[in-house]
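Visitor: Here is the input, now give the coordinates:
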Amino acid sequence: MWIGQQGREVYKKFSKSVIGSPSSLQWLLKKIEDYIRPRQNKRVSRFRAHQRKQDEGESFDNFVKDSKLLIMDCEYDDPDDILIDLIISGVIHEKVQLRLLDQGQKLTLSKAIEIGQQYEMSQSQVKMFRGQEVLTIKRQSHNVLKQKSKDNSDKLCSKCGKNHEKEKCPAIGTTCNFCKKKNHWFQMCRKRRNVNLVEDDSHSDENVIPVNTASSQYKKGKIENINVVEDK
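Guide: The predicted structure follows:
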């Protein structure tokens with residue numbers, strides 16, 4: 001384990017008290033470790049332990065584990081009781097602190113760790129559920145936009161008479177064969193439609209005569225298939 005004269009001297013010093021049993025061997029190793037290991041300033045160690053706070057994003061278990069290591073050099077008579085205090089003062093979640101303080105004198109180290117772990121687990125579940133809700137809302141929004149896009153594509157274009165995306169009309173830039181204006185086709189030409197309406201009205205008026213005229217012509221036997229309207 002150790003090489004050199006100093007290592008052998010340390011071994012001889014403590015091995016004189018060792019009896020050949022497993023417990024005695026463990027005692028020897030502990031003595032050698034304590035001798036080799038630099039002696040810590042317990043005041044500094046305690047200061048560091050009480051300065052330890054749970055970091056943002058750090059797991060509760062890691063915070064407790066690191067606090068235990070810091071306490072090892074503090075030389076407390078009851079390390080577990082001190083660790084409870086460190087957990088209460090150092091945990092990042094205020095709700096956990098309140099629950100720990102609410103336990104009062106009956107709070108044990110195992111109970112303190114259990115409370116911290118349960119809260120952390122519940123927070124993870126809440127984040128997971130919220131993530132699923134956000135994903136559902138995004139999918140619904142996407143479906144609504146997709147449906148609106150489909151509805152818009154189902155409407156006939158007033159320029160070409162076809163279904164297409166708003167910015168992709170094939171009539172843009174072309175010239176109408178009827179009115180000679182640009183950006184629409186013959187079949188969708190408004191001027192052509194207005195002309196057709198006027199022609200239809202003029203044809204329908206050919207067979208319309210006043211009532212008094214119709215009566216005189218009827219007496220003479222000259223009227224066939226006429227539309228009768230009253231004078232206004």
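Visitor: where exactly do the strands run in this protein?
Guide: According to DSSP state E, the chain carries its strands in the segments 208-210, 227-229.
Visitor: where among the ones you listed is the average confidence lowest?
Guide: Here the lowest mean pLDDT among the strands of the chain goes to strand 227-229, at a mean of 44.
Visitor: and the nearest residue to residue 100 once chain neighbours are set aside, how many neighbours does it have?
Guide: Residue nearest to residue 100 in three dimensions, not counting chain neighbours: residue 88, with 4.9 Å by C-beta to C-beta, 6 or more residues apart in numbering. (Each C-beta comes from the backbone N, C-alpha and C, glycine too.) A count of nearby residues for residue 88, using other C-beta atoms under 10 Å, gives 18.
Visitor: residues touching residue 155, list them.
Guide: Neighbouring residues of residue 155 by C-beta atoms under 8 Å, 6 or more residues apart in numbering: residue 163.
Visitor: do you know how far it is from residue 162?
Guide: 10 Å (C-beta to C-beta, to the nearest Å).
Visitor: before we move on, what about residue 184?
Guide: Taking C-beta to C-beta, one finds residue 184 at 12 Å from residue 162.
Visitor: repeat for residue 64
Guide: 69 Å.
Visitor: Which of those two has more residues huddled nearby?
Guide: The neighbour count for residue 64 versus residue 162, taken as other C-beta under 10 Å, is higher for residue 64 (20 against 13).
Visitor: from memory that one sits against residue 116, does it?
Guide: Yes - in this structure, residue 64 is within contact of residue 116 by C-beta atoms under 8 Å, at 7.2 Å.
Visitor: Show me the common contact partners of those two, please.
Guide: residue 87.
Visitor: hmm, back to that, dump the residue contacts of the residue nearest to residue 100.
Guide: Residues counted as contacts of residue 88 (C-beta under 8 Å, 6+ apart) are 97, 100, 101, 112.
Visitor: Counting neighbours, what do you get for residue 112?
Guide: When neighbours are defined as other C-beta under 10 Å, residue 112 has 23 of them.
Visitor: How about residue 54?
Guide: Other residues near residue 54 come to 20 when the count uses other C-beta under 10 Å.
Visitor: how much space between the nearest residue to residue 181 once chain neighbours are set aside and residue 167?
Guide: With C-beta to C-beta, 6+ apart as the criterion, residue 181 has its nearest non-adjacent residue at 7.1 Å, and that residue is residue 175. Distance of residue 175 to residue 167, given as C-beta to C-beta: 20 Å.
Visitor: What's the local residue count around the residue nearest to residue 181?
Guide: Applying other C-beta under 10 Å, we find 14 residues neighbouring residue 175.
Visitor: State the pLDDT value of residue 134.
Guide: pLDDT for residue 134: 61.
Visitor: quick revisit: pretty sure the residue nearest to residue 181 contacts residue 184?
Guide: No - using C-beta under 8 Å, residue 175 is not in contact with residue 184, being 9.0 Å away.
Visitor: Going along the chain, name the helices of this structure.
Guide: Ranges of helices in the chain, per DSSP state H, are 5-15, 22-36, 42-51, 60-71, 79-90, 94-103, 109-154, 190-205, 211-220.
Visitor: what is the mean pLDDT for the second one?
Guide: Along helix 22-36, the predicted confidence averages to a pLDDT of 66.
Visitor: cool, and the fourth one?
Guide: If you average the pLDDT over helix 60-71, you get 94.
Visitor: do the same with stretch 185-202
Guide: pLDDT averaged over stretch 185-202 gives 71.
Visitor: can you check stretch 97-110 too?
Guide: Stretch 97-110 shows a mean pLDDT of 94.
Visitor: Please name the nearest non-neighbouring residue to residue 40.
Guide: In space, residue 40 is closest to residue 73, 4.1 Å off (C-beta to C-beta, 6+ apart).
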